[in-house]
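Student: I'd like to go over a predicted model; first the sequence, then the structure.
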Amino acid sequence: MNQKAKITAIVKDNLQNFLFVLPAVSIFCIFYIYPFYKMINLSFYDWRGIGPMHFIGISNYKELMGDNLWWDSIGHAGYITLIALTFQNALAFALAWACDREIRMKRFYRMVFFIPPVLSEVVVGLIWNWILNPEMQNGQHIGLLNHLLYNSGFPQLVHDWLGDPKTALTTIAIVNSWKGFGWGFIILLAGLQTIDRQLYEAAKIDGASAWKTFTNVTIPMMLPVILVVVILTILGCMQVFVLILTMVNEGLVNHTDVPVTRIFSAMQNTNRFGYACAEAVIFGTILVCVSFITKRLTDKAKQA
Amino acid sequence: MLFALAGCAQAPQPSNKLILWHWMTDRNDAFQKLAQEYQQETGVEVSVQLFAPSDSYSQKVIAAAQANVLPDIYGILDKKSIVADFIKSGLAADLTGAMDADGGSWKNSLFDKALADRRFDEGNIYGVKPGIYGVPIDVTNEQMLYNKKLLAKAGIKKPPVNFDEFINDAQALKRVGITPFVSGWGELWLLDCFASNYAFNIMGEEKIFATYRGQVKYTDPDWIKVFNLFARLRDNGVLIDGIVTKGNKYAEQDFALERAAFSFNGSWCVNVYHEMNPGLDYGVMSPPPISSAFPLKIWGSAGSSFVVNAGSPNKDKAIAFLKWLTAKDQQLVLARETYNLPSNKEAIFGVSPILEEFAKGMNQSTHPNIWPLNEDPSVSEAFDKGIQDIIIGEKTPLQVAGDVQTVKDRQMAQGNR
């Protein structure tokens, strides 16, 4: 084959490959890259969603830096995420670990634990609104939780869970964990089932206790899976939105604001699309940084 | 196909088919029925397309406006300033000519306050060419409702006529274990509406607008009185538990299921209550005034209105359809089937007694959309959330007044820059 024919064959081959990936690349560019670029671009403008756009440089970002409500909302999302990372994932891990044993009806438990995540967030919000309803009618508590507390001898615990700033965010965080633990459960269970049983047998022969086996076999083998669960938990919880909207509407003053509700409010209530985009850019950057740091920390833990 | 995908399709051609976008789930069946009737009468097909809920609809309309793919007829669910942006972008047709034709017969058949919602007068602050840019298909106002049975149970013979009586009645209701008042104040606009009714009552519109212009501070004693009113409601246990996170749908459910004796809601509630509890025995009253200094005003204007796409090749047909839709006969159909107040004045005499009670309130109504200026949204948000703060007992009226003024000062400083 001469040189020219060789080059033609390579070009043809590359062109063919390129044509195969072109549809996917086009879709990615149209639906991901362009909107992403547009969002960053809009964050430098004052725009109400329709009509003329005014370039204002980094003014939106400057304002955002001094917006206490925005930073509070980041803190609220962080709190919800912290509850999920600890309470939700510990629960998911414990249940996955239990279902990985030879226990009766484990298929049934797997199914039950996976029900909350497959429910729509709106449905979950509505169900919990009814459970947490603080009202009374004809001397009876309408909400299931207050009804149970009152009738089981704990009337002092009856409370307006979503209407009190001291309890509202924690209540939402717990409901969010209830809704989300099933995902972690399934992923962690799948991870546990991939651990070679011979490792456990070897540990047993070496006389390792159940705790030692757990900390020296299960945890190190599960680290990559735990990393995935941690990152998914962070990304999912930081972006919690629908649950809050269905449980407390536009929020309990600003005590239940999270970044996405602030972004939504900037677009919907004050028609500040540019400011909303600036919020989205900052929020996205924070999420990328948190994911990156989490990955680095876990990599270090794996090496150790 | 590639051109179509790229949004470069050929410009739409005139046709015998109109497309109408709306968000009103409760009125969809009636619209579909009327559209069929219109096709039989005129041969023009009207495709009525429902997009709900209203938040999603709003976003869809804005996205369609950006892509210039709006239908022939649609509604703008937003502030007047945004409607102005649609008009200035050439997306909403000026209907003044059609309204004024035949000696203004179309315009004169409609409630003036409903038309005012979409009318831009000479020298308007939005810089829009004067004209009428929308057609109200119904009117609405927000008032208080009382449950006759629950009031009787507490020994209350007639609804309260002033705020002190209201507080006394609330005490009487509480004594017999009835929650006095419910409203969907988790939705800030409804809270804003209630507060502004009393602001009109306490200080009158001139002072309110002077505040918006920055000439009067929110720390003024009259504004403190407005904030204090909510502290009184809280301290006297008038409000239902969880009111600050309650959506209006839940509040409507509470009133319909007789869990509260009074409610603050819009005239659309007649339809909602009818569906939830057809036997509910209730009446309509203006919020009881707290002062005799100025008349108490309620919010009332066009409930829902449609605009015609200025770029539509079927513009004239779209206007003709809206003229037909707001004629007396069609308005009666809408009023009877959807329990909403008709926008046509002649149709008001054929509605149910409870709607007639609501209709009487139109005489004392006003609306932010017809005010010469509106408060900055960020100040309004601080104002409404501040009231929530008072209700949950986190802040005093004085603290909230100070907070709102801080936001106002910042907004004024930004405006000056």
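Tutor: That came through fine.
Student: which bits of the stretch 201-350 of chain B sit near chain A?
Tutor: Neighbours of chain A within the stretch 201-350 of chain B, by Cβ under 8 Å from any Cβ of the partner chain: B:I240, B:D241, B:G242, B:I243, B:V244, B:T245, B:K246, B:G247, B:Y250, B:D254, B:L257, B:R259. Backbone N, C-alpha and C define where each C-beta goes, glycine included.
Student: near chain B, which residues of chain A show up?
Tutor: When proximity is defined as Cβ under 8 Å from any Cβ, chain A approaches chain B at A:48-51, A:129, A:133-139, A:142, A:160, A:162-165, A:168, A:247-254, A:265, A:268-271.
Student: Apply 7 Å and report the result again.
Tutor: Within chain A, the positions adjacent to chain B are A:48-51, A:134-135, A:137, A:139, A:160, A:162-163, A:165, A:248-250, A:252-254, A:268-271 by Cβ under 7 Å from any Cβ of the partner chain.
Student: Narrow the residues you listed to those that are buried.
Tutor: Those of these that meet the buried threshold are A:48-51, A:134-135, A:160, A:162-163, A:248-250, A:252-254, A:268-271, by 16 or more other Cβ atoms under 10 Å in any protein chain shown.
Student: Tell me the spacing between B:A195 and B:Q253.
Tutor: Relative to B:Q253, B:A195 is positioned 23 Å away (Cβ to Cβ, to the nearest Å).
Student: Can you list the residue ranges for helices in the stretch 251-400 of chain B?
Tutor: B:269-276, B:315-325, B:328-338, B:353-360, B:377-391, B:397-416 (DSSP state H, counting those that start in this stretch).
Student: possible to save those as CSV with mean pLDDT and distance to B:P221?
Tutor: Converted to CSV, those look like this (pLDDT from 0 to 100; distance: least, Cβ to Cβ, whole Å):
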stretch, mean pLDDT, distance to B:P221
helix B:269-276, 90, 34
helix B:315-325, 96, 47
helix B:328-338, 90, 44
helix B:353-360, 88, 33
helix B:377-391, 94, 16
helix B:397-416, 90, 10
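Student: what stretches of the chain score poorly on pLDDT?
Tutor: Here I'm looking at chain A. For chain A, the stretches with pLDDT under 70 are A:1, A:304.
Student: should've been chain B
Tutor: Scanning chain B for pLDDT under 70 picks out B:1-12, B:416-417.
Student: now do 80
Tutor: Along chain B, segments meeting pLDDT under 80 span B:1-14, B:55, B:78-79, B:302, B:350, B:414-417.
Student: Nearest the geometric middle of it, what residue?
Tutor: Ranked by distance to the mean C-alpha position of chain B (Cα atoms, centre = their mean), the top residue is B:G303 at 5.6 Å.
Student: That one: what's it in contact with?
Tutor: When the contact criterion is Cβ atoms under 7 Å, 6 or more residues apart in numbering or on different chains, the partners of B:G303 are B:D138, B:V139, B:T140, B:W268, B:N340, B:L341.
Student: Identify the residues contacting the first one.
Tutor: In this case it means B:D138. Residues near B:D138 by Cβ under 7 Å, 6+ apart: B:G303, B:S304, B:L334, B:N340, B:L341, B:P342, B:S343.
Student: again, only using 8 Å
Tutor: B:D138 sits next to B:A114, B:A302, B:G303, B:S304, B:Q331, B:L334, B:A335, B:T338, B:N340, B:L341, B:P342, B:S343 when contact means Cβ atoms under 8 Å, 6 or more residues apart in numbering or on different chains.
Student: same check, this time on the fifth one
Tutor: Shown in contact with B:N340 (Cβ under 8 Å, 6+ apart): B:R27, B:D138, B:T140, B:S267, B:W268, B:V270, B:N271, B:G303, B:L334, B:L355.
Student: Also the last one?
Tutor: Taking Cβ under 8 Å, 6+ apart, we find B:L341 in contact with B:138-141, B:267, B:303, B:335, B:348, B:351, B:355, B:358-359, B:362.
Student: at 10 Å instead, please
Tutor: B:L341 sits next to B:111, B:114, B:138-141, B:266-268, B:270, B:300, B:303, B:331, B:334-335, B:347-348, B:351, B:355-356, B:358-359, B:361-362 when contact means Cβ atoms under 10 Å, 6 or more residues apart in numbering or on different chains.
Student: Can you say which of these are buried?
Tutor: Here, 16+ other Cβ under 10 Å leaves B:111, B:114, B:138-141, B:266-268, B:270, B:300, B:303, B:331, B:334-335, B:347-348, B:351, B:355, B:358-359, B:361-362 buried among the contacts of B:L341.
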